[in-house]
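1. got a structure for you, letters missing:
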Ligand code: B12
Ligand code: SF4
């Protein structure tokens, strides 16, 4: 393949975590499909570029406000000066909830003033001739910054494919994004472990190929928006171990101040509890609740590999819910391994863990596990 794939994680993703989605997709493209793929943490680069990392971290914590700073670059100066482009408009939708909101407003203005120069810098710095497909992950407050860079790339290099995936692209959002932003070519709904390599390989064969008949990919055909449902995955045991090398390098280059970086590990997808009786506040699409998990052997091997390879001691389990069988397999095995390999498991939520199960869980090194449900 002449040109490879560039995957990008934009602000305002939390800089203390890598993108599990992109790290997984990079490993799949390289190891299973033989496609060259690089991953760029421009969220970390932006945090560093602003010279005010503490402000970046604060803005990341003001739910939804991370979408504001790149708005001027995406929608233009007229929008920025209009009522809709002002902070007060944002505050009407989502109040900051602070006693004195003025410092927060000033933080946001600092971030906005850095957005344009940052995008100029990276448009000039990335060796674009190496890449044919540019993929953005959009979760939480990454949508506007991703769109702003994607718009610039398409303007400068119309032949490149711009792909989007992640939680902000699911359900009906795929159609809306393709209608509103003509510079996006492909959107991946649901899981993309199978659909992304298929679409890239088909495009490599013939750049004029549209990703038709690939479940989970939405695209445009002669101006019409086409959707193909939600992508599925193969067995989780067959996925390669995610590649967190770029995150490690990003920490060293742009964020050496981060004291406790964490590595996410995915042991299962879906939710067996929700399949039986979905929690009333659950935001997970009903189709995504189908539960499947990694074997305990593969899970333990992945934990050991990742901790050994990257030397980051804190891991984070991304599962919506733990597989109950792990109480007899994985967790006792973790008890026999170094405790610090398996510390931060805050995300494990046990809807019905019994007392003995909780004891095993804590012994396995999960002091902060959330047993509240
Ligand atoms: C782990 C998790 C967390 C953790 C870790 C977060 C982190 N920074 O990594 C914690 C507990 C901190 C957390 C916090 C929050 N979370 Co959360 N979290 C999750 C969870 C359970 C798993 C995410 C994950 O890593 N999955 C594994 C990866 C591999 O899957 P994936 O990201 O979907 O990627 C696949 C596809 O989407 C696709 N894909 C993704 N990107 C790309 C890019 C390209 C180019 C392509 C082709 C494909 C592609 O391919 C991937 C592989 O198949 C999801 C629910 C879920 N089950 O998905 C919610 C979820 C992501 N969280 C959600 C929310 C709302 C939040 C909070 C805002 C909650 C709050 N009110 O505070 C905070 C925000 C935190 C922050 N600012 O960083 C929402 C996001 C909604 C949205 N539209 O973005 C979700 C979807 C839950 C829900 N349905 O409501 N979360
Ligand atoms: S346990 Fe979590 S994922 Fe499962 S139904 Fe409840 S809120 Fe949804």
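-> Yep, it's here. Just so you know, these numbers come straight off a predicted model, no measurement behind them. Numbers count the residues shown, from 1 in each chain. Ligands and ions are numbered 1, 2, ... in the order given.
2. pLDDT weak spots in the stretch 151-300 of the chain?
-> The stretch 151-300 of the chain contains no residues with pLDDT under 70.
3. that one against ligand 1: which residues are in contact?
-> 163, 165-168, 188, 191-193, 196, 264, 266, 283-284 (CB under 6 Å from any ligand atom). Just so you know, the C-beta spots here come from the backbone N, C-alpha and C atoms, and that holds for glycine as well.
4. for the helix or strand where residue 150 lies, which positions count as buried?
-> If you go by DSSP states H and E, residue 150 is part of helix 143-156. Within helix 143-156, the residues that count as buried by 16 or more other CB atoms under 10 Å are 143, 144, 145, 146, 147, 148, 149, 150, 151, 152, 153, 154.
5. could you check which residue of the stretch 1-150 of the chain lies nearest ligand 2?
-> Closest residue of the stretch 1-150 of the chain to ligand 2, CB to the nearest ligand atom: residue 139 (15.8 Å).
6. which SS class is that residue?
-> coil (DSSP: H, G, I helix; E, B strand; the rest coil).
7. wait, it sits on residue 166?
-> Yes - using CB atoms under 8 Å, residue 139 is in contact with residue 166, at 4.5 Å.
8. neighbour count winner among those two?
-> Here residue 139 and residue 166 are compared on neighbour count by other CB atoms under 10 Å; more neighbours surround residue 166, at 25 against 16.
9. quick one: residues contacting that one.
-> Counting by CB atoms under 8 Å, 6 or more residues apart in numbering, residue 166 touches 21, 136, 137, 138, 139, 142.
10. name the SS class of residue 8, please.
-> Secondary structure of residue 8, per three-state DSSP, is strand.
11. who touches the helix ranked longest in the chain?
-> Using DSSP state H, we find that the single longest helix of the chain is helix 102-125. For helix 102-125, the surrounding residues in contact (CB under 8 Å, 6+ apart) are 11, 42, 45-46, 49-50, 52, 55-56, 58-59, 62, 65, 68-73, 80, 87, 96, 98, 145, 148-149, 152-153, 156.
12. same check, this time on stretch 72-88
-> Looking at stretch 72-88 with CB under 8 Å, 6+ apart, the contacting residues turn out to be 68, 71, 89, 105, 108-109, 112, 115-116, 119, 144, 147-148, 151.
13. nearest residue to residue 282 other than its sequence neighbours?
-> residue 274 (5.8 Å; CB to CB, 6 or more residues apart in numbering).
14. what's the local residue count around whatever residue of the stretch 201-350 of the chain ends up closest to ligand 1?
-> Ranking the residues of the stretch 201-350 of the chain by distance to ligand 1 (CB to the nearest ligand atom) places residue 283 first, at 2.7 Å. Residues contacting residue 283 under the criterion other CB under 10 Å number 6.
15. ditto for the one 5 residues further on
-> Burial measure for residue 288: 15 neighbouring residues, criterion other CB under 10 Å.
16. residues contacting it?
-> 190, 230, 269, 270.
17. residues contacting the second one?
-> Right, residue 230. 170, 189, 190, 191, 215, 216, 285, 287, 288.
18. and the third one, by the same measure?
-> With contacts defined as CB under 8 Å, 6+ apart, the neighbours of residue 269 are 191, 233, 236, 288, 290, 291, 292, 293, 319, 320.
19. and the helix or strand encompassing residue 179, what's buried?
-> For residue 179, the host element (DSSP H and E) is helix 173-180. For helix 173-180, a neighbour-count test (16+ other CB under 10 Å) marks 173, 174, 177, 178 as buried.
20. could you say what helices and strands that helix packs with?
-> strand 186-188, strand 217-221, strand 224-226 (3 or more CB pairs under 8 Å, 6 or more residues apart in numbering; DSSP states H and E).
21. same thing but at 6 Å, please
-> Helices and strands touching helix 173-180, as assessed by 3 or more CB pairs under 6 Å, 6 or more residues apart in numbering; DSSP states H and E, are absent.
22. tell me how far that helix lies from the chain's centre.
-> On the basis of CA atoms, centre = their mean, to the nearest Å, helix 173-180 sits 19 Å off its chain's mean C-alpha point.
23. list the beta-bridge partners for whichever residue of the stretch 101-250 of the chain sits closest to ligand 1.
-> At 2.2 Å from ligand 1, residue 165 is the closest residue in the stretch 101-250 of the chain, using CB to the nearest ligand atom. Beta-bridge partners recorded for residue 165 (DSSP bridges): residue 137, residue 188.
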